[in-house]
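Q: Model the following, please.
(chains A, B, C and D)
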2 protein chains.
Amino acid sequence: MTVDRDQVLRTAAALLTRKATATMDEVARAAGIGRATLHRHFAGREALVRALEELGIRELEAALDTARLDEDGAPDALRRLVTEVEPVAGLLAFLVTENQLFETEQMNEGWARIDARVSALFRRGQEQGEFRIDLTPAWLTEALYGLIGSGAWAVQDGRVAAKDFQYMIVELLLGGARRSVEK
Amino acid sequence: MTVDRDQVLRTAAALLTRKATATMDEVARAAGIGRATLHRHFAGREALVRALEELGIRELEAALDTARLDEDGAPDALRRLVTEVEPVAGLLAFLVTENQLFETEQMNEGWARIDARVSALFRRGQEQGEFRIDLTPAWLTEALYGLIGSGAWAVQDGRVAAKDFQYMIVELLLGGARRSVEK
DNA sequence: CCCTGATGAGACGTTCGTGTCTCATCAGGG
DNA sequence: CCCTGATGAGACACGAACGTCTCATCAGGG
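A: So this is what the prediction gives:
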């Protein structure tokens, strides 16, 4: 009988990923509960988004853990990362949009932690001579987010197949579009 | 005395790029006109966004023209394209967000025209052996938009310098992050 | 110099989403 | 089997933003 808070969150994430402006009422109906109950668990829309942010950060950090970014070569670690991130890509895209859409009162420190870990991966790749050094880790991180977002939207709209998600992103990010002999 | 419609549009674009949820009143004040006057020129918020969409498409197509995508090698054409697009990047990012945010009743055909031209560039590059063929032109196009958006936001937030915009995007898109001997 | 037309400021009614509250219902534990 | 606590449905008031309208003002052309 009691509502499964986490289940509601995941349903909300799925809906808001598709329609970022969904009403509290729509979120409630999507989760199969009443609007009043939704408010009982999340004080308001902002609280809901905050909870989603927490969820996204939690899952993203779990993905970072599973990907073992500091093992093997940086390129392989990056491959693992994108693979692990794929299920969270939609939620991630929503949260990023949400952040840059509304004035970011104060950013959750979780994002800084995540940024640091991803940047560190790129920096490691540079130090080990696997990545070029004329593109900053900050930009590579930013670009990775952008590509993940683009990939998520493209998959959602059916423009590309979900199974190609990891390949497309990693291949482009690592090798670029240019055809090279040594490939 | 008469309001310069195009000037209002550009001011609105600049504001909405920074704050996508800006009020009609805020848009009016930013343009230095009264809210009533704003309504006299644009029937409502939707009409304003539509007008911005027209503006963005117009400027983007102008950029495509100037870039002469069918001349020289595809990589060089791409460089020119990104250079020309830079001033419109912010508006473009706003419009893309706006489109995926709200249910796309019906997409302006201008986007299809632009997509076709950009895709054609990538396809040409593939046919001439300059671009790899395992990444579809559709995905490369999508990725280009994503990187432009990321670049625009990164510049806006001061995370990267505007002067690096073109270099970062083109270098990543063309060559990728991996360090290669032949570069 | 007057007259026309556009503008700015503000009032007003409407819509939409939110947040709160009440009340009847229902499930599950004791 | 009863009682407690959570839930769903709906009513309600509030606030934000929108779109419309009025009216005084002002610039510029005739």
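Q: And DNA strand D, is the worst-scoring helix or strand of chain A on mean pLDDT touching that?
A: Using mean pLDDT, DSSP states H and E, the weakest-scoring helix or strand in chain A turns out to be helix A:89-101, at a mean of 88. No. Using CB under 7 Å from any atom of the strand, helix A:89-101 stays clear of DNA strand D, coming no nearer than 13.0 Å. C-beta: built from backbone N, CA, C; applies to glycine.
Q: how much does that helix deviate in direction from helix B:89-101?
A: 130 degrees (axes from the mean of the first three to the mean of the last three CA atoms, to 10 degrees).
Q: List of residues touching helix A:89-101?
A: Under the contact criterion CB atoms under 8 Å, 6 or more residues apart in numbering or on different chains, helix A:89-101 has outside partners A:13-14, A:16-17, A:20, A:49, A:52-53, A:55-56, A:59-60, A:85, A:107, A:145, A:148-149, A:151-153, A:155-156, A:165, B:20-21, B:97, B:101, B:153.
Q: And for stretch A:29-41?
A: Counting by CB under 8 Å, 6+ apart, A:3, A:5, A:7-8, A:11-12, A:14-15, A:22, A:24-25, A:27-28, A:48 sit against stretch A:29-41.
Q: Which residue in those residues has the weakest pLDDT?
A: Across the contacts of stretch A:29-41, the smallest pLDDT goes to residue A:3, namely 80.
Q: What sits closest to residue A:160 if chain neighbours are left out?
A: Excluding its sequence neighbours, the residue lying closest to residue A:160 (CB to CB, 6 or more residues apart in numbering or on different chains) is residue A:154, at 4.5 Å.
Q: And residue A:152, by the same measure?
A: Closest to residue A:152 by CB to CB, 6+ apart is residue A:89, at 3.9 Å.
Q: Show me which residues of chain A sit near DNA strand D.
A: A:1-3, A:32-37, A:40-41.
Q: The same query, at a cut-off of 6 Å, please.
A: For chain A, the residues in contact with DNA strand D (CB under 6 Å from any atom of the strand) are A:1-3, A:33-34, A:36-37, A:40.
Q: and the residues you listed, which are buried?
A: Neighbour-count burial (16 or more other CB atoms under 10 Å in any protein chain shown) applied to the residues of chain A next to DNA strand D gives residue A:33.
Q: How much space separates the residue nearest to residue A:152 from DNA strand C?
A: Residue A:89 sits 24 Å away from DNA strand C, going by CB to the nearest atom of the strand, to the nearest Å.
Q: do you know how far that residue is from residue A:150?
A: Relative to residue A:150, residue A:89 is positioned 10 Å away (CB to CB, to the nearest Å).
Q: could you point out the longest helix in chain A?
A: helix A:45-67 (DSSP state H).
Q: Could you see whether chain B lies near that one?
A: No. Judged by CB under 8 Å from any CB of the partner chain, helix A:45-67 makes no contact with chain B; its nearest approach is 13.3 Å.
Q: quick one on the thing from earlier: so which of the contacts of stretch A:29-41 belong to helices?
A: Using DSSP H, these in helices are A:5, A:7-8, A:11-12, A:14-15, A:24-25, A:27-28, A:48.
Q: and chain A, what are its domains?
A: Using automatic domain parsing, the domain parsing of chain A gives A:1-42, A:53-175.
Q: Highest mean neighbour count out of these?
A: Comparing the domains of chain A by mean neighbour count (mean count of other CB atoms under 10 Å in any protein chain shown), domain A:53-175 ranks first with a mean of 18.
Q: Show me what the one helix or strand residue A:142 maps to is packed against.
A: Element membership for residue A:142 (DSSP states H and E) is helix A:137-156. Applying 3 or more CB pairs under 8 Å, 6 or more residues apart in numbering or on different chains; DSSP states H and E, one finds that helix A:137-156 contacts helix A:5-18, helix A:74-85, helix A:89-101, helix A:109-127, helix A:165-175, helix B:137-156, helix B:165-175.
Q: run the last query once more with 7 Å
A: Contacts defined by 3 or more CB pairs under 7 Å, 6 or more residues apart in numbering or on different chains; DSSP states H and E place helix A:137-156 against helix A:89-101, helix A:109-127, helix A:165-175, helix B:137-156.
Q: what's the residue closest to the geometric middle of chain A?
A: Centroid-nearest residue in chain A, with CA atoms, centre = their mean: residue A:92, separated by 3.1 Å.
Q: any idea how far that residue is from residue B:168?
A: 21 Å.
Q: Surely residue A:134 forms part of a helix?
A: No. Counting by DSSP: H, G, I helix; E, B strand; the rest coil, residue A:134 is not found in a helix; it is coil.
Q: need the contact list for residue A:177.
A: B:131-132, B:135, B:140, B:173-174 (CB atoms under 7 Å, 6 or more residues apart in numbering or on different chains).
Q: restrict those residues to those near DNA strand C?
A: Counting by CB under 6 Å from any atom of the strand, no member of these is near DNA strand C.
Q: Distance to residue A:73 and pLDDT added to those residues, as TSV?
A: Below are the contacts of residue A:177 laid out as TSV (distance: CB to CB, whole Å; pLDDT from 0 to 100):
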residue	distance to residue A:73	pLDDT
B:131	25	96
B:132	21	95
B:135	22	96
B:140	25	97
B:173	22	97
B:174	22	96
